[in-house]
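K.L.:
fold the following, please.
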Amino acid sequence: MKARLVRIGNSRGIRLAKPLIEEVGLTDEVEIRAQGGALIITSVAAPRAGWAEAIDRLGPSAMLDAPSATRFDEDEWAW
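P.N.:
Below is the predicted model of the structure:
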């Protein structure tokens, strides 16, 4: 697909066809980077996307390390 750069104030923009946007799953916010003479446009991933699924695969025992005693447990606590 070919497109023209259009003026937007002092910048330039490009119009992307709706079917193309839907095909690649772009939303209102994207990441753009230059790589090897090309612009790469990707969807912005949610900050913790996939975390819930990852912990489900590992199981609840993987969430926390086993407690370990410190010098405060041995010297400073009086029960």
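
K.L.:
please count neighbours and contacts with C-alpha atoms only from this point.
P.N.:
Will do.

K.L.:
neighbours around Val44, how many?
P.N.:
Look at Val44: counted by other CA atoms under 10 Å, it has 13 neighbours.

K.L.:
repeat for the one 4 residues further on
P.N.:
Burial of Arg48, expressed as a neighbour count using other CA under 10 Å, amounts to 7.

K.L.:
please report the distance of it from Ile41.
P.N.:
From Arg48 over to Ile41 the distance is 20 Å, taken as CA to CA, to the nearest Å.

K.L.:
repeat that for Leu16.
P.N.:
11 Å.

K.L.:
how far out from the middle of the chain is the helix or strand hosting Arg12?
P.N.:
Assigned by DSSP states H and E, Arg12 belongs to strand 11-14. Offset of strand 11-14 from its chain centre (CA atoms, centre = their mean, to the nearest Å): 25 Å.

K.L.:
what segments of the protein are strands?
P.N.:
5-8, 11-14, 30-35, 38-43 (DSSP state E).

K.L.:
could you single out the most deeply buried of these?
P.N.:
strand 38-43 (a mean of 12; mean count of other CA atoms under 10 Å).
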